[in-house]
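Chemist: Quick one: sequence and predicted model below, then my questions.
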Protein chains: 2
Amino acid sequence: MVSNFRFASIPNIIFGAGKLSELYDIIGNFGKNVLYVIGGSSLKTSGKWDEITSEMFRRTINFYSISFDGEPTPTLIDEAVKKFRQKNLELIIGIGGGSVIDAGKAISAMILKNDSIKEYLEGVGDKVHDGKKIPYIAIPTTSGTGSEATKNAVITEVGSEGFKKSLRHDNLIPNYTIVDPKLVVSCPPSITAACGMDAFTQLLEAYVSPRSSPVTDALAFSGIKQIKDNIIPVYSHKSSDLKARSAMAYGSLVSGIVLANAGLGIVHGLASSIGGMFNIPHGTVCGTLLAESTKMNVKRLKQIGHDGELGLMKHAIIGALITGKGYEPNIDVSYYCSVLVETLENWTKQLNIDRLGKYGITTTDIDNIIERTGLKNNPVHLNPEDIKEIVVNRI
Amino acid sequence: MVSNFRFASIPNIIFGAGKLSELYDIIGNFGKNVLYVIGGSSLKTSGKWDEITSEMFRRTINFYSISFDGEPTPTLIDEAVKKFRQKNLELIIGIGGGSVIDAGKAISAMILKNDSIKEYLEGVGDKVHDGKKIPYIAIPTTSGTGSEATKNAVITEVGSEGFKKSLRHDNLIPNYTIVDPKLVVSCPPSITAACGMDAFTQLLEAYVSPRSSPVTDALAFSGIKQIKDNIIPVYSHKSSDLKARSAMAYGSLVSGIVLANAGLGIVHGLASSIGGMFNIPHGTVCGTLLAESTKMNVKRLKQIGHDGELGLMKHAIIGALITGKGYEPNIDVSYYCSVLVETLENWTKQLNIDRLGKYGITTTDIDNIIERTGLKNNPVHLNPEDIKEIVVNRI
């Protein structure tokens, strides 16, 4: 049965090794006055930034650039907006990891406003963004957050009053995204691992979400198929293999599309609260909590009888996909669910995903974390004790 | 391996029985001056048109309407544009079958231009459309063409110098599409059948197209899954069943998304030439040629050895899906391909799809047809004799 669903527009996608070269012709559709939002140093050390700037000079396109190192804060976004508000920008281009892509998205959305981004953040400010923005092109250099295809920018303020909240509007979906796996080959193993786990988490959470639709199911499944066989190789012996990097880049891209349309679950609920309280990379929180959360979801889905059948079956379908043999109806659903959980546990070990304790999180923080954690679109209700168990097991 | 691909933006999709009611809030995002492009009489006899107009009055939205009966011609579009060019329209809404949706799309694209649509049609005029248009909402009342999700409007001029050609631009994808299966329940059986075959043709041709990507594959597969079990029931005993109608509406919607991104094959090559020469419904041409074309494609794919393996495998995967048991690697690919071809032959009979002869097409027309027929993105080269065989077998 195809039940009701909504599916927001997605960016124009240009996917493929070497496709960064198509950027310059696309810029021409928008204008001659461009702001680049880039990351710390990797784009520059790789020589890619020189390549881009020479092309800008050659085509007499006027451009500015601003660097973001770490996750964007309200202050950093407000300052950037102030600096470039009078420049009559016609296009913004973000090239970097998820934080950079989000920073660029936030600037493109705020540059036509006169107040702070804080006013528009969900759960923080009171204003509702109207979707008016400067056109935006997102070019990821990691395979993880899927931000190149989403309608929200995550803004972080770390501390006791900290938060990790979104500026969100359907129209904030990037106008174009260029996904060029060549840009990801230089991504270091630990970031590759955390980002890969983040992408897989997004695909799985969207797949089992009660808000999923046949469109998101089909796309999530196609992304999981690519990631399951490549998440370990790109971390180990295949970090320079464009085929493996393409598979991960594809998984990340569709994870963004599906999360924007089906929502996420408890892992991202926790990533939001923990990420606001502690300085911990987003992919690491997701990666470290995924196996435990999945185990808990499966356990609770089993206990609620008929209401849990669909959610359980969806976990089983992914377990079956991982076996490589496909789903066989005469095999017990529980078996496939444990294949999934065990695989996630193995990945967590093989990828050396940090525990929460490494970032200063202790058992004394747990109540505080639980209080700030929402379930989002988790496939089953979890009570505070369940969430506590997930976190404790990963400290 | 994820190879290079492009994927154009898709409309904001609102899917579900009764969702037409969400139209009015969406109109508010665009303005208060609207043109409705509607079909002949069915919207009016069903009472839906009264419902829409009262809501327009209640909300004091100024609106005009224009009816299209049959496929849009250059003259009809030019006349409509002339009539409404000075009305300062802020939004155009097309509600009807594929022809009506295309007419609305064409008007929304031409109203800012001062010349005839003929100048911009592929293979007819010399001008290239720049994508500037009035925002457009597409609301299908048949499940077939997928035009609610495509970037082209098909314009037809029937006759010896006739054509069936597209006005095309990425930006012509409707801003919104509302797919409400309730609007399709009154669609008569013969149109339901022809449209269903058109949608299946589009899904299959996009799935086996050399331009397909993991995104189009995942979506096409999900559409085929829905159509395969419902195409006969909606024609026979389940014409009022919203579950079956939803499945077909979903299949049609994704057929539009995938054809816009992966292209089509020989069936649509022939539908374009034959449709320009004879007065024959588009769904009927597609439906009548699908089984024969698939049989020929499989035959030629088998003959080219290694180069044909992927195309053959993709036909086999759909055959396996139809068996309901999934693909088993130890079963011969040929077996699954014949399941597919036989199923299509059975559907053609069960749905009483007309032969070409009924529309005045005879063997003397064949050379003329072949001369005007392009292969589009067919998975294998076919020579004129092959195409002739397909057509002769359906006269």
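Modeler: Structure's in. What do you need? Residues are numbered from 1 along each chain as shown, chains lettered A, B, ... in the order given.
Chemist: Just the C-alpha atoms of the lowest-mean-pLDDT helix or strand in chain A, please, in PDB.
Modeler: Ranked by mean pLDDT, DSSP states H and E, the weakest helix or strand in chain A is helix A:42-45, scoring a mean of 86. What follows is helix A:42-45 as a C-alpha-only set of coordinates in PDB (Å, rounded to 0.1, in the frame of the first residue of the first chain):
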ATOM      1  CA  SER A  42      42.700  20.400   3.100                       C
ATOM      2  CA  LEU A  43      41.300  22.000   0.000                       C
ATOM      3  CA  LYS A  44      44.400  24.300  -0.200                       C
ATOM      4  CA  THR A  45      47.000  21.600   0.500                       C
END
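Chemist: tell me how far the following helix or strand past that helix is from the chain's mean position?
Modeler: Next in sequence after helix A:42-45, counting helices and strands by DSSP states H and E, comes helix A:48-58. Between the centre of helix A:48-58 and the centre of its chain there are 28 Å (Cα atoms, centre = their mean, to the nearest Å).
Chemist: which residues sit against helix A:48-58?
Modeler: With Cβ atoms under 8 Å, 6 or more residues apart in numbering or on different chains as the test, helix A:48-58 has contacts from A:Leu20, A:Leu23, A:Tyr24, A:Val34, A:Tyr36, A:Ile38, A:Leu43, A:Lys44, A:Phe63, A:Ile95, A:Leu183. Using the backbone N, CA and C atoms, a C-beta is placed for each residue, glycine as well.
Chemist: measure stretch A:166-179 end to end?
Modeler: End-to-end distance for stretch A:166-179, by Cα to Cα, to the nearest Å: 23 Å.
Chemist: Hmm, I typed the wrong one, I wanted stretch A:128-139.
Modeler: This stretch, stretch A:128-139, spans 27 Å end to end (Cα to Cα).
Chemist: buried set for that stretch?
Modeler: A:His129, A:Lys133, A:Ile134, A:Pro135, A:Tyr136, A:Ile137, A:Ala138, A:Ile139 (16 or more other Cβ atoms under 10 Å in any protein chain shown).
Chemist: is any part of that stretch close to chain B?
Modeler: No. Using Cβ under 8 Å from any Cβ of the partner chain, stretch A:128-139 stays clear of chain B, coming no nearer than 9.0 Å.
Chemist: For that stretch, give the mean pLDDT please.
Modeler: Mean pLDDT, computed over stretch A:128-139, is 96.
Chemist: Please apply the same query to stretch A:373-386.
Modeler: On average, stretch A:373-386 scores 97.
Chemist: cool, and stretch A:339-347?
Modeler: Mean pLDDT, stretch A:339-347: 98.
Chemist: Kindly report the residues of chain A close to chain B.
Modeler: Listed as neighbours of chain B in chain A under the rule Cβ under 8 Å from any Cβ: A:1-17, A:19, A:170, A:213-215, A:217-219, A:221-222, A:226, A:243, A:246-247, A:249-250, A:254, A:326-327.
Chemist: mind redoing it with 6 Å?
Modeler: Applying Cβ under 6 Å from any Cβ of the partner chain, we find that chain A lies next to chain B at A:1-2, A:4-10, A:12-16, A:214, A:218-219, A:222, A:243, A:246-247, A:250, A:326.
Chemist: can you redo the contacts of helix A:48-58 as TSV with distance to B:Pro174 and neighbour count?
Modeler: Output for the contacts of helix A:48-58, formatted as TSV (distance: Cβ to Cβ, whole Å; neighbours: other Cβ atoms under 10 Å in any protein chain shown):
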residue	distance to B:Pro174	neighbour count
A:Leu20	30	20
A:Leu23	27	18
A:Tyr24	29	14
A:Val34	29	22
A:Tyr36	32	24
A:Ile38	35	24
A:Leu43	37	24
A:Lys44	42	14
A:Phe63	34	17
A:Ile95	31	26
A:Leu183	33	26
